[in-house]
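*Asks:* Next comes the sequence, and after it the predicted model I'd like to discuss.
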Amino acid sequence: MAEPLLQHRACRNTRNERFKRYRDGDVLIGLCCDECHSEWVLPDHLPPDNPNNETILIGRSSFYLIEKEGVDDQTFSAHPLTTRIDNLRNIAEYLTPGDHIKYHWRLNFDHHAIVESVEMNPYGPDKVTLIHWQGGRGESMISAKASATVVRERIDDIGRKTSVVYRCDYDEGDIRADSKVLTVARAKAWLGETGYNLLNKNCEHFAIFCKIGRHCSFQQERLIKRFMSFCGEVWGQISRQALVATGTELMGNVIEVGVGNRFSVNALSPAMQLIGLGLTAVVQGVALCIDLTKLYGSRQHEGISEQEFVGRFWHSVCQRMEKVFFTGVVPAVGVVAVGALLPAGPIATGLAMATGVFVAGALSTPWGYNGELSAGCALVAAMVRCVIKHRDVSVDSIREVSPGDHLVMPKWFLHPRCHGIVLSVDVGRGEFRVIRFTYQRGVITERTKFGKPLYKVLSDGPYEPEEVIRRANNNDIVVSDYNILSFNCKHFAFWCKTGRIPAEP
């Protein structure tokens, strides 16, 4: 039986191929107009309180138009709530089909996807199948986006893609998502879609459309609001600095009348800016110490990987340096430069200070020092993660330790990260035997009591635990082979697990 002619009078779409089909298995549950993204679904998938107005009849089934209400600005700023998932090995405990997830991609930008299915794996990492925009493998970022397609990707170990995943929890925020069956059906209907556009057809637009049926981007809305806030802040800074400059000029006049010596505003302004720069550097230095203390606590108690730890460390350092530069150095240079070019006076001084503040704001906002993550910081963090190829996770119980594991243990102050291979585990006594490479005695075996902090390195080596232990017991490695830069305990452990020696010390 031929499919009836589909048409949508509102956008004059009368081409059957320009309607996407939503299917749950073999059952047709909805339609979507490619021209205006209007949707018709079976009554079971209609949002609550949706009026049953326009319908499309296919066979004996009636498909009702989904009325899509607007989303206010407060909703965009409040949503989405997210759940951080660090235990990527058992990710099936946190995800179900139809979930919207995001994870860090290149330069630490978020990549969004819809979960089609998850599969528990008792013998290894859980498997997950995603539907998302994906560019060509091995291409540059620009080329990959130009050739991007909506694809289905089965991932055997998502931990190799990213160190942390965030689940977007719509039903706990201000926006209610549609049914997960409809979410997956929407995602599957988009398979093979092309025409990626960063501004209005990106991975976040796709994932949000699958969840709520609207093409929007919370990130773009937040950026627009942040830009408007920045414009207001710059105008306020200009007004305040002009008032300060006028007051300083008046103070100079008072000093001239009372003391008989003209006080130079042009000499005062650079000095004040240098004092401000020094105070900014001190404040940001204290803030950096606080950031790193919290980060170390996360490393100890939340079990973030070494790769994530180092990336966050350099992000914090760069972020504080950016703030010193943009809030201290640039305004000071602006005041000195403009003040030297213009004649002295309250208007000139106010303009000089305002110019410094404006240039600082104009430079800093696109790079995002007022935001959560600047492009400069993200670039450094991404470079660090590229250099540190391996990942490790915190071990909370001795039951998580198995023979053949590659562990990282603290030994003493000058050797805080000692690498070794587990030979055996005694759960009853709370200890395990480990073999490691030392610079004094070569390859040694020792018993170690379980204690924190303890980390397990996640590697993709081809060897089974028995083969890893056999390689560790290799008698061909002697003390003279030890080199603190090219073959230390870390290189030894990686060689046992993967057959490769990492390039970094």
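*Replies:* Nice, thanks for sending it over.

*Asks:* Show me the shaky parts of the stretch 251-400 of the chain.
*Replies:* The stretch 251-400 of the chain contains residues with pLDDT under 70 at 251-277, 298-308, 326-390.

*Asks:* switch to 80 and redo it
*Replies:* 251-281, 294-316, 318-394, 396 (pLDDT under 80).

*Asks:* for the stretch 101-250 of the chain, same thing?
*Replies:* Within the stretch 101-250 of the chain, the segments meeting pLDDT under 80 span 104-109, 135-147, 160, 163, 171-176, 198-200, 215-250.

*Asks:* need the strands for the stretch 1-150 of the chain, in chain order.
*Replies:* Remark: strands of the stretch 1-150 of the chain, listed N- to C-terminal, are 19-24, 27-33, 39-41, 55-58, 61-65, 82-85, 100-104, 110-119, 127-134, 149-155; assignment by DSSP state E, counting those that start in this stretch.

*Asks:* can you check the stretch 401-505 of the chain too?
*Replies:* Listed in chain order, the strands of the stretch 401-505 of the chain (DSSP E, counting those that start in this stretch) span residues 406-409, 418-426, 431-438, 442-449, 455-458.

*Asks:* For the spatially closest residue to Ile398 that is not a sequence neighbour, list the residues it contacts.
*Replies:* If you skip the residues right next to it in sequence, Ile398 has Phe450 as its closest partner in space, 4.2 Å away by C-beta to C-beta, 6 or more residues apart in numbering. For the C-beta atoms, the positions are set from N, CA and C on the backbone; glycine is no exception. Counting by C-beta atoms under 8 Å, 6 or more residues apart in numbering, Phe450 touches Ile398, Val401, Gly430, Glu431, Phe432.

*Asks:* Let me have those in a markdown table, extended by distance to Gln284.
*Replies:* Formatted as a markdown table, the contacts of Phe450 follow (distance: C-beta to C-beta, whole Å):
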| residue | distance to Gln284 |
| --- | --- |
| Ile398 | 42 |
| Val401 | 41 |
| Gly430 | 44 |
| Glu431 | 45 |
| Phe432 | 43 |
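
*Asks:* Distance-wise, check the residue nearest to Ile398 relative to Leu279.
*Replies:* As defined by C-beta to C-beta, to the nearest Å, Phe450 lies at a distance of 48 Å from Leu279.

*Asks:* Next: Arg60.
*Replies:* For Arg60, the distance to Leu279 equals 76 Å [C-beta to C-beta].

*Asks:* what about these two, which has more around it?
*Replies:* Between Arg60 and Leu279, counted using other C-beta atoms under 10 Å, the more crowded position is Leu279 (11 against 5).

*Asks:* Make CSV out of the strands of the stretch 401-505 of the chain and add mean pLDDT and mean neighbour count.
*Replies:* Putting the strands of the stretch 401-505 of the chain into CSV (pLDDT from 0 to 100; neighbours: other C-beta atoms under 10 Å) gives the following:
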stretch, mean pLDDT, mean neighbour count
strand 406-409, 90, 22
strand 418-426, 92, 21
strand 431-438, 92, 21
strand 442-449, 90, 14
strand 455-458, 84, 21
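
*Asks:* In JSON lines, list those along with distance to Lys294.
*Replies:* As requested, the strands of the stretch 401-505 of the chain are exported to JSON lines (distance: least, C-beta to C-beta, whole Å):
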{"stretch": "strand 406-409", "distance to Lys294": "21"}
{"stretch": "strand 418-426", "distance to Lys294": "25"}
{"stretch": "strand 431-438", "distance to Lys294": "31"}
{"stretch": "strand 442-449", "distance to Lys294": "29"}
{"stretch": "strand 455-458", "distance to Lys294": "19"}
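
*Asks:* so which of the ones you listed gets nearest Val128?
*Replies:* Across the strands of the stretch 401-505 of the chain, the minimum distance to Val128, taken as C-beta to C-beta, is reached by strand 455-458, at 16.4 Å.

*Asks:* what's the closest one in contact with?
*Replies:* Under the criterion C-beta under 8 Å, 6+ apart, external residues in contact with strand 455-458 comprise 159, 305-306, 390-395, 400-401, 405-409, 419, 493-494, 497.

*Asks:* at 6 Å what do you get?
*Replies:* Contact with strand 455-458 is made by His390, Arg391, Asp392, Val393, Ser394, Val395, Asp405, His406, Leu407, Val408, as judged by C-beta atoms under 6 Å, 6 or more residues apart in numbering.
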